[in-house]
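[1] heads up, no residue letters with this:
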């Protein structure tokens, strides 16, 4: 029985890089938008009935912008991807709760919820397999 893992191919490493870039493109601009529009972000979080909206907005900025950048460059990728996955799923329940909105809004919210579930799935693949060779983690 071979106990040595098969090293990833150059194509797999390139695809891991492209995957990290594509997912990071979602989080980095969102975090930057929250930073530059902090008051609006606080208001939106407060409108969802969550406590301490200023703290929530700051946390969202750190997670989306900070960990989005970490994912992009492949720094502490497994941890960054895990936190981003948990954050994305948690945000889905509070901000895309399609089961609690009027029927005319449910379809869009369900689509957004399921999109976030899929993003979390992609992030969990990085938790499982790492960033690939083209990353800070591999340097």
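    That came through, no problem. Computed from a predicted structure; not experimentally measured.

[2] and for residue 134, the neighbour number?
    Using other C-beta atoms under 10 Å, residue 134 has 17 other residues around it. Quick note: C-beta positions are derived from backbone N, CA and C, even for glycine.

[3] tell me which helix or strand the nearest residue to it once chain neighbours are set aside sits in.
    Excluding the flanking residues, the one nearest residue 134 by C-beta to C-beta, 6 or more residues apart in numbering is residue 17, at 4.3 Å. Taking DSSP states H and E as the definition, residue 17 sits inside helix 10-36.

[4] if we go by neighbour counts, what in that helix is buried?
    Burial within helix 10-36, assessed by neighbour count using 16 or more other C-beta atoms under 10 Å, is assigned to 13, 16-17, 19-20, 23-24, 26-28, 30-31, 34-35.

[5] centre of the chain to the helix or strand hosting residue 128, how far?
    Remark: residue 128 resides in helix 103-129, with elements defined by DSSP H and E. Relative to the chain's own centre, helix 103-129 is displaced by 10 Å; criterion: C-alpha atoms, centre = their mean, to the nearest Å.

[6] what does stretch 31-51 give?
    Centroid separation between stretch 31-51 and its chain, computed with C-alpha atoms, centre = their mean, is 17 Å.

[7] list the contacts of it.
    Stretch 31-51 has contacts (C-beta atoms under 8 Å, 6 or more residues apart in numbering) with 53-54, 56-57, 60-66, 68, 94-95.

[8] looking at these, which are in strands?
    Of these, none are assigned to strands by DSSP state E.

[9] show me what contacts the spatially most central residue of the chain?
    The centre of the chain sits closest to residue 84, judged by C-alpha atoms, centre = their mean, with a distance of 3.9 Å. Contact analysis of residue 84 by C-beta under 8 Å, 6+ apart lists 23, 27, 63-64, 67-68, 71, 123.

[10] hang on, the earlier thing: what about the residue nearest to residue 134, distance to residue 87?
    According to C-beta to C-beta, to the nearest Å, residue 17 stands 22 Å off from residue 87.
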